[in-house]
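A.B. asks: The following block contains a protein sequence and its predicted model.
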Amino acid sequence: MRIIFTIALLLNTTFLLAQNIPGRAIPPHGQNAKKAPDSTKIKKAASIKDTALLREKIANKDTIIEKDTSKENKEPRYYYISAITDVFVNAKGGFGKRFAPGVEFGKTFGIFDIGLATGKLNIITTGRDTTQYIEFRPTINIFSKGRFAEGLCLGGGYVFGAKQGLMTEICNSINFNITERAALAVVQGYFYFDGTNSSRGTQYMGFTFTYNFLRNHTVNMQRKKAAIISDN
């Protein structure tokens, strides 16, 4: 009986000591024994994820802005027609002999115009008409600010029936865009006429009125409008 009592006392003491050992607490029934995640690590991971998402949004936004800007900066292309009213300033005679009317039809490629012009070197014709000409006229826009622009023209053509039939032209113009469709320009330039045995040059000043064939609510109309107001 004493042996049994001694064994029971030893077992009871061992059980009580096992419960008091640090770090060996028995988890409650139904609770996971694994260590719970650290809250600091969770916050850090969330912060890294948010930063990555933010960078992705900024990158996508920059791409969209660059794409839209490139669309707006595309050069407009459209046809135009211009009425030419030149007056020679170093020629003899009255207004009829000095006045050189003409018309030009062409197409605009952004800052570059390619046109074909025809007209007369004066409005007085006696005998055979040697004043009618045809000319190829490329023009480049060398400066623009809002509705104003400066152009440079280098042309070449032929005067029908004239002894000095080969005609070349150099001119510069100051243009004002009244609207997207209409423009007015002040032009100053020189004509040079060459023949087999003679040549001559003459200076002129004048005005041109241009109408652009643009339709409403089209891409070219929007590009032309953006080009006019971009520097205002």
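C.D. replies: Thanks, I have it.

A.B. asks: Every contact and neighbour count from this point should use C-alpha atoms.
C.D. replies: Fine.

A.B. asks: Quick check: which ranges of the protein have low pLDDT?
C.D. replies: 1-73, 127, 230-232 (pLDDT under 70).

A.B. asks: would you list every one of the helices in it?
C.D. replies: 2-19, 39-72, 95-98, 219-229 (DSSP state H).

A.B. asks: who's residue 104 bridged to?
C.D. replies: residue 82, residue 117 (DSSP bridges).

A.B. asks: Identify the residues contacting it.
C.D. replies: Contacts of residue 104 were listed using C-alpha atoms under 8 Å, 6 or more residues apart in numbering, and they are 81, 82, 83, 84, 115, 116, 117, 118.

A.B. asks: With residue 173 instead?
C.D. replies: Residue 173 sits next to 150, 151, 152, 185, 186, 187, 188 when contact means C-alpha under 8 Å, 6+ apart.

A.B. asks: give me that answer again for 10 Å
C.D. replies: Going by C-alpha atoms under 10 Å, 6 or more residues apart in numbering, residue 173 touches 139, 141, 149-153, 184-189, 205-208.

A.B. asks: Residue ranges of each domain in the chain, please.
C.D. replies: 45-74, 77-229 (automatic domain parsing).

A.B. asks: Quick check: which of those domains is buried the most?
C.D. replies: domain 77-229 (a mean of 17; mean count of other C-alpha atoms under 10 Å).

A.B. asks: Mind listing residues that contact stretch 177-185?
C.D. replies: 80, 82-84, 146-151, 172-176, 206-215, 221-228.

A.B. asks: With adjacent residues omitted, what lies nearest to residue 174?
C.D. replies: With sequence-adjacent residues excluded and distances taken as C-alpha to C-alpha, 6 or more residues apart in numbering, residue 174 is closest to residue 150, at 4.7 Å.

A.B. asks: Quick check: bridge partners of that neighbour?
C.D. replies: Under the criterion used (DSSP bridges), residue 150 bridges to residue 143, residue 174.

A.B. asks: Now do the residue nearest to residue 210 when sequence neighbours are not counted against residue 165, distance only.
C.D. replies: Counting by C-alpha to C-alpha, 6+ apart, residue 210 lies nearest to residue 82, which is 4.2 Å off, once chain neighbours are set aside. Distance of residue 82 to residue 165, computed by C-alpha to C-alpha, to the nearest Å: 24 Å.

A.B. asks: same deal with residue 93?
C.D. replies: Remark: distance between residue 93 and residue 165 (C-alpha to C-alpha) = 21 Å.

A.B. asks: pretty sure residue 174 contacts residue 189?
C.D. replies: No. Proximity of residue 174 to residue 189 does not meet the contact threshold set by C-alpha atoms under 10 Å, at 11.9 Å.

A.B. asks: and for the two, which residues touch both?
C.D. replies: residue 152.
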